[in-house]
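Visitor: dropping the sequence and predicted coords here.
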Amino acid sequence: MTAVEWDAARTRASLREPTADDDKYSRGVVGMRTGSQEYPGAAVLGVEAAWRTGTGMVRYAGPSRPEGLVLARRPETVAAEGRVQAWVIGSGTDASARTSPERAALVRILAGDVPVVVDAGALDLAASATAPMVVTPHARELDRLRRSLGLEQLPPGADEERRSAAAQETAAALGAVVLLKGATTLVAEPGGAVRAVRSGSPWLATAGTGDVLGGALGAVIAGCSARGATALADLADGAASAAWLHGRAGGIAAERLGAVGGPVTALDVAEALPSAVAEVLAAHRR
């Protein structure tokens, strides 16, 4: 199967520049149930990324330690229940340490009708979910997810064609969008095209950048949801666009250090997201 090459022009189609008629709800509200007492930074990074990708509001619903850090870094974040148009769950969490109340809260989200980005420590719940979903495994997480679905593992060092086929097979088994992380990120919808995202930089291979991607995904998907674009094909386009912006932000952050780039941190990538979004919007106007 030939993958669709995702680029800035396709990314632009998933974004909507705000107008004078917009408010925070029409731009999209992201709910984030991320981070833990052990890994609070994941919540901070994801919330930062969601704001910087251009969402209208972020609601944070997590433990007390990450909540305090989130509010210290981004005081505009709302730490109260209310309306959301997309969820991000699982970043910075460990399924083996999950409490019964936390499991119940995640299951409620996954049984709803609001799109959910399912990352890291929540992937084990994806197989029984009914909400519209974008799951975001890396290679090892994909193997675990496939085992839970009764599918064969992907062999080590699989080429892009086999990775694409595995992503689409997994998407079909889940009835959800699969975003398979890697040097080339692949986004598959059940029975549809696979989108290949190559905007990344090798400097992105550092701790926390997956949490930043989760926040960017939440922002773009919430924007899609706010304008009624919640079909799986729409979510797949939005997921590919968020991945493209994340990759471009990594490139921008690295390029600020010189022509060949240089080391970046996850927070550097989050802080470069507005520049990546602005580039895409400016190119559309030329």
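Guide: Everything's here; your move.
Visitor: surely Leu69 and Ala43 touch.
Guide: Yes: counting by Cβ atoms under 8 Å, Leu69 does reach Ala43; the two are 7.0 Å apart. For the C-beta atoms, the positions are set from N, CA and C on the backbone; glycine is no exception.
Visitor: okay, those two: which has more neighbours?
Guide: Taking other Cβ atoms under 10 Å, Leu69 and Ala43 do not tie; Ala43 has more neighbours (32 against 17).
Visitor: under a three-state scheme, what state does the more buried one occupy?
Guide: Under DSSP: H, G, I helix; E, B strand; the rest coil, the three-state class of Ala43 is helix.
Visitor: what's near enough to touch it?
Guide: By Cβ atoms under 8 Å, 6 or more residues apart in numbering, the contact list for Ala43 reads Met32, Thr34, Gly35, Tyr60, Gly62, Pro66, Glu67, Leu69, Val70, Ser91, Gly92, Asp211.
Visitor: number of residues surrounding Gly82?
Guide: 10.
Visitor: so where does it fall, helix or strand?
Guide: Under the criterion DSSP states H and E, no helix or strand holds Gly82.
Visitor: got phi/psi on it?
Guide: Gly82 has phi and psi values of phi 160, psi -170 when expressed as degrees, to the nearest 10.
Visitor: beta partners of the closest residue to it other than its chain neighbours?
Guide: Excluding its sequence neighbours, the residue lying closest to Gly82 (Cβ to Cβ, 6 or more residues apart in numbering) is Arg59, at 6.1 Å. Counting by DSSP bridges, Arg59 is bridged to Gly31, Val78.
Visitor: I'd say Arg59 and Ala86 touch.
Guide: No: if you go by Cβ under 8 Å, Arg59 and Ala86 don't touch, sitting 10.6 Å apart.
Visitor: tell me which of these two has more neighbours.
Guide: Applying other Cβ under 10 Å to Arg59 and Ala86 shows that Ala86 carries more neighbours, namely 30 against 19.
Visitor: now Pro274: how far from Arg195?
Guide: For Pro274, the distance to Arg195 equals 23 Å [Cβ to Cβ, to the nearest Å].
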